[in-house]
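Student: Below: sequence and its predicted model.
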Amino acid sequence: MAALGDMSSSGYSFDEIQSIANNILTFTKHRPKVGIICGSGLGGLADQVDDAEVISYDQIPEFPVSTVAGHAGKLVFGYLQGKPVVLMRGRFHYYEGYPMWKVAMPVRVMKAMGVGTLVVTNAAGGVNPEFQTGDLMIIKDHIDLPGLTGECVLIGRNDERFGPRFPATVGTYDEDLRNLAKTISVELGYNSIMREGTYIMIGGPTFETVAESRLLRTFGADAVGMSTVPEAVVAKHGGLRVFGISLITDMVALDYNTTRATTHEEVLAVGQKRAGDLQKIVSNLVARMTV
Ligand SMILES: O=P(O)(O)O[C@@H]1C[C@H](O)[C@@H](CO)O1
């Protein structure tokens, strides 16, 4: 095997990813089928995992560390509603200084561990003026703003064993899973806070100016965040089923007559108040999905 770190600009080789996955599996008896990436302040879902085995990212030499508040930096293996899962309590963001491929590298590792379905959650700003803080948004589609401007996660040499050179991204967010989540949200009485829409990724770490927020709305975005898209693109490239859901933690300013400015503390505070709703949807979805 090539030495780890001896890589093209597209990151670890296929064999290296397999080796990282095999090494992680030596720490746990579990064999996950569903991977869940928890957004800022949304890692509490891990408390619902039965027979949990926890691996800290610093036990995995090839994993970056989580440097953002609200991202614990742990892999949690076990059963969620009877389904074998691995949860990432803490994701990596481009603005932390990691190259795009490294941000999404855990998704390839999950696939190499046997995961076939990826659930991604995030905290996001509401761009659609009809949304409210505390709403949930099923991601129907995304806009890869970094990708459109030359920072696509798949830039670099392509190994066809990961997926095709020119992958389609239409239908990235699985329609059956979106419909199931809608059914579940009606059953749980969440219809008034459940939305569906388009998530746009910005590089961050700056929150948007008013002019930028207006631009994002013109682009057709309903919610804005700093994650999720590279993970979803790598998952789709690798043939995984993807489900994504955002918690709207703040509304972006579309109007100059505002004095309020989003802060990460506000994002985490809303996360703390409303994460339970998002977690209920995700755990019921996992319970009822086929794996
Ligand atoms: O990891 P996610 O996308 O949930 O984190 C959001 C975006 C930024 O990292 C941070 C801003 O408060 O929260």
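Tutor: Looks like it arrived, so ask away.
Student: give me the number of residues near the closest residue to residue 129 other than its chain neighbours?
Tutor: Distances taken as Cβ to Cβ, 6 or more residues apart in numbering put residue 254 closest to residue 129, at 6.5 Å, once the chain neighbours are dropped. The C-beta positions use only the backbone N, C-alpha and C, and glycine is treated the same way. By the criterion of other Cβ atoms under 10 Å, residue 254 has 17 neighbours.
Student: So for the closest residue to the ligand within the stretch 1-150 of the chain, what's the pLDDT?
Tutor: Closest to the ligand within the stretch 1-150 of the chain is residue 39: 2.7 Å, counting by Cβ to the nearest ligand atom. We have a pLDDT of 92 for residue 39.
Student: Might one say that it is in contact with residue 137?
Tutor: No. Residue 39 is not in contact with residue 137 according to Cβ atoms under 8 Å; the separation is 11.9 Å.
Student: the more surrounded of the two?
Tutor: Set residue 39 next to residue 137 and count neighbours by other Cβ under 10 Å: residue 39 wins out with 28 against 24.
Student: Return the residues in contact with that one.
Tutor: 91, 120-123, 225, 227-228, 246-247, 271 (Cβ atoms under 8 Å, 6 or more residues apart in numbering).
Student: give the contact list for the residue lying closest to residue 108 once chain neighbours are set aside.
Tutor: Of all residues not flanking residue 108 in the chain, residue 17 sits nearest, at 4.8 Å (Cβ to Cβ, 6+ apart). Going by Cβ under 8 Å, 6+ apart, residue 17 touches 105, 108-109, 112.
Student: can you list those in a markdown table and add neighbour count?
Tutor: Shown next, in a markdown table, are the contacts of residue 17 (neighbours: other Cβ atoms under 10 Å):
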| residue | neighbour count |
| --- | --- |
| 105 | 25 |
| 108 | 25 |
| 109 | 26 |
| 112 | 20 |
